[in-house]
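**Q** predicted model and sequence below, questions to follow.
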Protein chains: 2
Amino acid sequence: MDQPPLGRRAQQRQQRLAQILAAAEQVFATAGFEGASMAAIAAAAGLPKANLHYYFGTKEALYAALLEELLRLWLSATDAIRPDSAPDAALESYIRAKMEWSRSRPHASKLFANEVLRGAPLLSAHLAGGLRAQVEEKSAVLRGWIAEGRMAPVEPRHLFFAIWAMTQTYADFETQIRLVLDVPALGEREFEDGVATVLRLVLGGLALRA
Amino acid sequence: MDQPPLGRRAQQRQQRLAQILAAAEQVFATAGFEGASMAAIAAAAGLPKANLHYYFGTKEALYAALLEELLRLWLSATDAIRPDSAPDAALESYIRAKMEWSRSRPHASKLFANEVLRGAPLLSAHLAGGLRAQVEEKSAVLRGWIAEGRMAPVEPRHLFFAIWAMTQTYADFETQIRLVLDVPALGEREFEDGVATVLRLVLGGLALRA
DNA sequence: GTCTATAAAGGGATAGAC
DNA sequence: GTCTATCCCTTTATAGAC
């Protein structure tokens, strides 16, 4: 993606941008768009407030830049679901990828959840465009497997909704899960139990395992 | 709950309170705590702003009153899960109740989601208290069924997380589901497909149906 | 009890020195 | 490019007339 001959100035610029984006992701994720203040983001980034405006112009532009990056992540996880794949391996791979995303990028997941809760004012076009197209494409693959008797009949789009919900809940509802389980933070143990549960429901529910 | 001899004044007071709470639930649900303004809530309730302060004092008190009511709903849905129940009927009843709640009270679900995303500052005590206790109690019932061989082995608490996620997503992520399905609003058809999908995954995954 | 007017605080954004 | 000081608007909350 990056052209190699990047001057020292451009490098520093990239670093500043990344520094601001990381701080913004964290603050927006837990406070939401309205709840996050530019002052709080600046403090998290260790920079004066005016610096953020120099790099991104407005609060909304900074927020939009984060969503932009987020969408690439969202749309890149379904690669394993292809007509020539084995249904059980494909779905297991997809579920593990989604769960790993919740573990490693919880702020991104929460940011996305906040935006959708608000009615997705900055994301509607992408949801109705790229995401819908991808869901349709992958649903066709699943319908093919069902027609061949390789998988129990299910409405594929609702299966995706269920998988998204079960995996993302470990990021978005982390607070609730942590308090119910009475652990200080979600760790390996909790994510392993989560993966095992989701795999049992999906693979078992679709007659893909004993 | 209400004492019968309620004077006309008290009746009007109750009506005003309900009117404000309904408007506040809707505004807080989509805008979040910070994003919602007392002016917007007042407009939705058809009252001047000062009226809200007269009845509830502060914005946070109004918000807290909504969460209070919400918790009663959350904690009342697991009644069907009892040691002497049939596992499949109990879980089906629970799933249908949770899904019906997403259909009939989407604003309440979104309000809850917003609060948990924020780290549940006003809800931590209840999540670690009443909710945890209830989950432990019902998990013990499920472990009993598993020990008797009436249900496939699963970590009961994570099963609850999965059921909560799959059912609440039809309220919280309604915008995304609507756009992916390309429908103007979620209707009977969509909720029936959702219930069917969740039942297949849970009952099938736990070896409670063919 | 109800409403208008306003006080007090905090927010995004920018001007202008360096 | 970077930072301080500040403008201007919105927001919560209340005072005080009715």
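**A** Perfect, I can see it now.
**Q** contacting residues around the closest residue to A:Ala120 other than its chain neighbours?
**A** Leaving aside its sequence neighbours, A:Ala120 sits nearest to B:Thr175 (Cβ to Cβ, 6 or more residues apart in numbering or on different chains; 4.8 Å). Where you see a C-beta, it was placed from the backbone N, CA and C, and this is true even at glycine. Shown in contact with B:Thr175 (Cβ atoms under 8 Å, 6 or more residues apart in numbering or on different chains): A:Val116, A:Leu117, A:Gly119, A:Ala120, A:Ser124, A:Leu127.
**Q** same thing but 7 Å
**A** A:Val116, A:Gly119, A:Ala120 (Cβ atoms under 7 Å, 6 or more residues apart in numbering or on different chains).
**Q** return the closest of the residues you listed with respect to A:Val183.
**A** Distance to A:Val183, by Cβ to Cβ, is smallest for A:Val116 among the contacts of B:Thr175, at 27.2 Å.
**Q** output the one helix or strand the closest one maps to as CSV, nothing but the C-alphas.
**A** Following DSSP states H and E, one finds A:Val116 within helix A:106-117. Taking C-alpha atoms only, helix A:106-117 is exported to CSV below (Å, rounded to 0.1, in the frame of the first residue of the first chain):
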residue,chain,number,x,y,z
PRO,A,106,-12.4,-4.6,20.7
HIS,A,107,-12.4,-0.8,20.3
ALA,A,108,-13.0,-1.1,16.5
SER,A,109,-15.9,-3.4,17.2
LYS,A,110,-17.4,-1.1,19.8
LEU,A,111,-17.0,1.9,17.4
PHE,A,112,-18.9,0.0,14.8
ALA,A,113,-21.6,-1.0,17.3
ASN,A,114,-22.0,2.6,18.4
GLU,A,115,-22.4,3.8,14.8
VAL,A,116,-25.0,1.2,14.0
LEU,A,117,-26.9,1.9,17.2
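**Q** ok, back up a step: filter the contacts of B:Thr175 down to the buried ones, ChimeraX style.
**A** In ChimeraX syntax, the buried subset of the contacts of B:Thr175 is picked out as below (16 or more other Cβ atoms under 10 Å in any protein chain shown):
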select /A:116,120
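**Q** okay, buried residues for the biggest helix by length in chain A please.
**A** Counting residues, the longest helix found in chain A (DSSP state H) is helix A:8-35. Across helix A:8-35, burial judged by 16+ other Cβ under 10 Å covers A:16, A:19-21, A:23-35.
**Q** in chain A, where is pLDDT below threshold?
**A** A:1-5, A:210 (pLDDT under 70).
**Q** contact residues of it facing DNA strand C?
**A** A:Ala36, A:Ser37, A:Met38, A:Ala39, A:Ala40, A:Lys49, A:Ala50, A:His53, A:Gly57, A:Thr58, A:Lys59, A:Glu60 (Cβ under 7 Å from any atom of the strand).
**Q** just to revisit the earlier point, which elements pack onto the longest helix of chain A?
**A** helix A:38-45, helix A:49-56, helix A:59-75, helix A:106-117, helix B:8-35 (3 or more Cβ pairs under 7 Å, 6 or more residues apart in numbering or on different chains; DSSP states H and E).
**Q** that helix vs DNA strand D: in contact?
**A** Yes. Helix A:8-35 lies within reach of DNA strand D by Cβ under 7 Å from any atom of the strand, at A:Arg9, A:Gln12, A:Arg13, A:Arg16.
**Q** how is chain A divided into domains?
**A** Annotated domains of chain A cover A:8-66, A:76-205 [automatic domain parsing].
**Q** most packed of the ones you listed?
**A** Among those, the stretch with the highest mean neighbour count (mean count of other Cβ atoms under 10 Å in any protein chain shown) is domain A:76-205, at a mean of 19.
**Q** endpoints of that one, how far apart?
**A** 25 Å (Cα to Cα, to the nearest Å).
**Q** how about that domain, does it reach DNA strand D?
**A** No. On the criterion Cβ under 7 Å from any atom of the strand, domain A:76-205 is out of touch with DNA strand D, staying 14.5 Å away.
**Q** sorry, back to before: redo the helices and strands packed on helix A:8-35 as CSV? Include distance to B:Leu199.
**A** Formatted as CSV, the helices and strands packed on helix A:8-35 follow (distance: least, Cβ to Cβ, whole Å):
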stretch, distance to B:Leu199
helix A:38-45, 44
helix A:49-56, 46
helix A:59-75, 27
helix A:106-117, 25
helix B:8-35, 27
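**Q** is the residue nearest to A:Leu131 when sequence neighbours are not counted within a helix or a strand, and which one?
**A** The shortest distance from A:Leu131 to any non-neighbouring residue, by Cβ to Cβ, 6+ apart, is to B:Val180 (6.2 Å). In this structure, B:Val180 sits in helix B:174-181 according to DSSP H and E.
**Q** one step back: for DNA strand D, see how far away the residue nearest to A:Leu131 is.
**A** 31 Å (Cβ to the nearest atom of the strand, to the nearest Å).
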